[in-house]
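**Q** sequence unknown, structure follows:
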């Protein structure tokens with residue numbers, strides 16, 4: 001694609017060079033009442049081209065910059081979502097692993113110590129009474 005763009009620019013420059021050679025004549029421009037600019041026709045054509053090209057180039061660059069910024073934001077959002085999904089999957093896997101481990105009556109896993117200050121289980125069935 002770059003070679004095609006280079007060919008187009010070279011052809012445009014060559015066309016402008018041929019135009020400049022055949023039209024190298026002085027032209028007077030009256031800018032204000034007493035201010036006159038004397039220049040050659042190709043310089044005037046080049047200034048007209050630049051005056052039309054620069055605003056459109058600036059618009060193109062600003063749109064490209066805005067789209068690149070938007071794409072970066074969306075990619076970061078997607079990456080954060082994927083990381084959150086991975087964390088949720090890890091938590092769910094850990095929970096499934098914890099459910100497979102043995103638990104004693106106090107609700108603690110096999111390797112954990114029970115709380116000494118917790119009320120002891122009397123082991124006598126239902127408590128409460130009054131029926």
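**A** Cool, got the structure. It should be emphasised that the depicted structure is a prediction, and the values quoted were computed from it without experimental measurement. Residues are numbered from 1 along each chain as shown.
**Q** contacts, neighbours, all on C-alpha from now
**A** OK.
**Q** ok, the residue nearest to the spatial centre of the chain to residue 64 distance?
**A** Central residue of the chain (CA atoms, centre = their mean): residue 72, 1.1 Å from the mean position. When distance is defined by CA to CA, to the nearest Å, residue 72 is 12 Å away from residue 64.
**Q** quick one: secondary structure of the residue nearest to the centre of the chain?
**A** Classification of residue 72 using DSSP: H, G, I helix; E, B strand; the rest coil returns helix.
**Q** now do the contacts for it.
**A** For residue 72, the contact set (CA atoms under 8 Å, 6 or more residues apart in numbering) is empty.
**Q** ok, residue 10 to residue 3 distance?
**A** For residue 10, the distance to residue 3 - CA to CA - is 10 Å.
**Q** looking at the two, which is more packed in?
**A** Each of residue 10 and residue 3 has its neighbours counted (other CA atoms under 10 Å); residue 10 has more, 12 against 8.
**Q** how near is the more buried one to residue 45?
**A** For residue 10, the distance to residue 45 - CA to CA - is 17 Å.
**Q** cool, residue 21 as well?
**A** 13 Å.
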